[in-house]
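Student: Sharing a sequence plus its predicted fold:
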Amino acid sequence: MTENIDISIREKNIAFIGFMGAGKTTIGQLVAKKLYRDFIDIDEEIERIHQMPISQIFKEMGEASFRKMERELIVSLCKNTRVKILSLGGGAYLQEEVRKACLANCLVFFLDLSWESWKERIPLIIDSRPILQNKSLDEIEELFLNRRSAYNIHHSRITTSELDAESVADQIVESLKLAWDIYEPNRSIFD
């Protein structure tokens, strides 16, 4: 396995992190389209590989098995692929090995959504998130707040509470193009 630490920032993967339901998949797909890159939702990829929904993996194999699958897939993608957009599940980035692989081989964007804004999304996501099952609102808020310390280790934070997905995606693409022009002004992705 080769690590992509010394590759051009234009060729690095882009990883989206943040709490479940923060919009990582929706925004990631928009950014991928705008940058003509392939998009990989880690949860969907695990479901495809293992031919079962995440909720069934949790139920039949347990969270520890799921986290191992998640870690192996993310680390492999980070180290062995280029110019991809990755959407990580809400708990993936809590694993140190995942965090290190992402920070070394990707540009990591933290999609930061306020608790108040996120709370409004609960009815839309609760049934599809095994980690939220049988938890009170206070327990979910505690989980939300506890995960922030891991999410705070990133390359760029985008506050999404007051923005729609298209605006966030445009802001990310513009910031990437600006960084590319500053750090590699005369380099094309096709060089």
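Tutor: That came through, no problem.
Student: could you point out the longest strand in the chain?
Tutor: Ranked by number of residues, the top strand in the chain under DSSP state E is strand 106-112.
Student: Next one: Cys102 from Ile74, what distance?
Tutor: Distance of Cys102 to Ile74, computed by CB to CB, to the nearest Å: 7 Å. All C-beta spots, glycine's among them, are computed from the backbone N, C-alpha and C.
Student: re earlier: which residues touch the longest strand of the chain?
Tutor: With contact meaning CB atoms under 8 Å, 6 or more residues apart in numbering, strand 106-112 is reached by 9, 12-18, 22-24, 27, 78, 86, 102, 151-152, 154-161, 168, 172, 176.
Student: in this structure, what spans have low per-residue confidence?
Tutor: Residue ranges of the chain with pLDDT under 70: 1-6, 123-128, 130, 185-191.
Student: could you redo the last one with a cut-off of 50?
Tutor: When residues are selected by pLDDT under 50, those of the chain lie in 1-5, 189-191.
Student: residues in contact with Leu94?
Tutor: The contact partners of Leu94, taken as CB under 8 Å, 6+ apart, are 147, 150.
Student: Name the strands paired with the longest strand of the chain and say parallel or antiparallel.
Tutor: Strand pairing for strand 106-112, using DSSP bridges, gives strand 13-17 (parallel), strand 156-159 (parallel).
Student: JSON lines please, covering those strands and showing mean neighbour count.
Tutor: As requested, the strands paired with strand 106-112 are arranged in JSON lines below (neighbours: other CB atoms under 10 Å):
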{"stretch": "strand 13-17", "mean neighbour count": "28"}
{"stretch": "strand 156-159", "mean neighbour count": "16"}
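Student: Identify whichever of the ones you listed lies nearest to Ile54.
Tutor: Taking CB to CB, strand 13-17 is the member of the strands paired with strand 106-112 nearest to Ile54, at 17.2 Å.
Student: Give me the contact list for the next helix or strand after that closest one.
Tutor: Proceeding N to C from strand 13-17, the next assigned helix or strand is helix 24-35, under DSSP states H and E. The contact list for helix 24-35, computed with CB under 8 Å, 6+ apart, reads 14, 16-18, 37-39, 41, 44, 85-88, 111, 160, 165-166, 168-170, 172-173, 176.
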